[in-house]
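>>> with the input below, show me the fold.
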Amino acid sequence: DFEPFKDGEFEESELGLIPKEWRVGTLDELINETLGGDWGKDVPQGNYSEKVVCIRGADIPEIAKGRKGNPATRYILKKNLEKKKLSGNEIIIEISGGSPTQSTGRTILITKELINSFKEPIICTNFCRTIRLKEDIYSSFVYSLLQYLYNEKIFFLYENGTTGIKNLDITTLFGQYQIVIPSKEVLAEYHSMYSEFLRYVYKSGFECNKLSEIRDTLLPKLMSGEIRVPVEEVV
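Residues are numbered from 1 along each chain as shown. Model prediction:
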């Protein structure tokens, strides 16, 4: 659907008419590398001394709304922390798990605001992968596209393993699934707009977290009588 560009020039491609200066390609053309995650240890042991927040596939839906959820605290090797620590404009994609009605492939776009909301560095579990893009401006487009493919159940076509845990074949998905890639100017404009939208989503989520913490702190004290609110002061 190229409705925002319907008044511009179009040209033929193997996927039909597309806006001029756009092209048909694959996700691989926008991705620099994908890195495996880590799970480490639940307590410090030997060289497993670096404390991290580890995001799992089950944590993704809540964190994508700006809520902290309940990601695991783990301890990993220093060399792994340096290599696997998440930075802004990177994407986590779940590659193992799913169910007959829910495919693998849940994703989250990491931002600086999200990183700063945790006290420890963030990594993903080894059931996920970190996607690092060739340029930051690609991140919003790739993230939106992956969400679309997940919601349209396209990822079911790229899963292997008929029993037990299913795995998402990201090598084939990223290397063979054809997409329409906008011009760099459009990608940059979209990234600017989408980043602002995502910043608002995360900010709202962080505020909800803070209000929940205040509620959970005050409510037991109010119920126990440790804190009393004079009736005449209640509005």
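>>> now the end-to-end length of stretch 120-137.
Using CA to CA, to the nearest Å, one end of stretch 120-137 lies 26 Å from the other.
>>> can you check stretch 131-141 too?
By CA to CA, the extent of stretch 131-141 from end to end equals 13 Å.
>>> okay, buried residues for it please.
Within stretch 131-141, the residues that count as buried by 16 or more other CB atoms under 10 Å are 131-133, 137-141. Bear in mind the C-beta positions are built from the backbone N, C-alpha and C, glycine included.
>>> if we only consider these, which is nearest to Ala72?
Minimum distance to Ala72 across the buried residues of stretch 131-141 is 20.9 Å, recorded for Ile131 (CB to CB).
>>> host element of that closest one?
Using DSSP states H and E, Ile131 sits within strand 128-133.
>>> same for the next helix or strand after that strand, what does it pack against?
Once the chain leaves strand 128-133, the next helix or strand it forms, by DSSP H and E, is helix 138-151. Applying 3 or more CB pairs under 8 Å, 6 or more residues apart in numbering; DSSP states H and E, one finds that helix 138-151 contacts strand 90-94, strand 107-110, strand 128-133, helix 184-224.
>>> partner strands of the third one and their direction?
Here strand 128-133 has these sheet partners by DSSP bridges: strand 31-36 (antiparallel), strand 90-94 (antiparallel).
>>> quick one: find the helix or strand in the protein with the lowest mean pLDDT.
Of all the helices and strands that make up the chain, helix 184-224 has the lowest average by mean pLDDT, DSSP states H and E, namely a mean of 84.
>>> could you give the angle of it to helix 138-151?
70 degrees (axes from the mean of the first three to the mean of the last three CA atoms, to 10 degrees).
>>> chain center to helix 184-224, what's the gap?
Here helix 184-224 is found 15 Å from its chain centre; the criterion is CA atoms, centre = their mean, to the nearest Å.
>>> against which helices or strands is that helix packed?
By 3+ CB pairs under 8 Å, 6+ apart, helix 184-224 packs against helix 112-116, helix 138-151.
>>> now do 10 Å
When contacts are defined as 3 or more CB pairs under 10 Å, 6 or more residues apart in numbering; DSSP states H and E, helix 184-224 packs onto helix 60-63, strand 107-110, helix 112-116, helix 138-151.
>>> what's next to stretch 206-216, contact-wise?
65-69, 113-114, 116-117 (CB atoms under 10 Å, 6 or more residues apart in numbering).
>>> list only buried entries from the residues you listed.
Buried among the contacts of stretch 206-216 by 16+ other CB under 10 Å: 66-69, 113-114, 117.
>>> need the max-distance pair from these.
Greatest spacing in the buried ones among the contacts of stretch 206-216, by CB to CB: Gly69 and Glu113 (15.5 Å).
>>> what about the longest strand in the chain?
strand 48-55 (DSSP state E).
>>> just the pLDDT at the closest residue in space to Phe127 that isn't next to it in sequence, thanks.
With CB to CB, 6 or more residues apart in numbering as the criterion, Phe127 has its nearest non-adjacent residue at 4.2 Å, and that residue is Ser96. We have a pLDDT of 94 for Ser96.
>>> okay, Ser96 and Asp28: tell me how far apart.
21 Å (CB to CB, to the nearest Å).
>>> again with Val180
Remark: distance between Val180 and Asp28 (CB to CB) = 15 Å.
>>> then Pro121?
28 Å.
>>> and the helices and strands packed on helix 138-151 as TSV, adding distance to Glu152?
Converted to TSV, these look like this (distance: least, CB to CB, whole Å):
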stretch	distance to Glu152
strand 90-94	16
strand 107-110	14
strand 128-133	19
helix 184-224	19
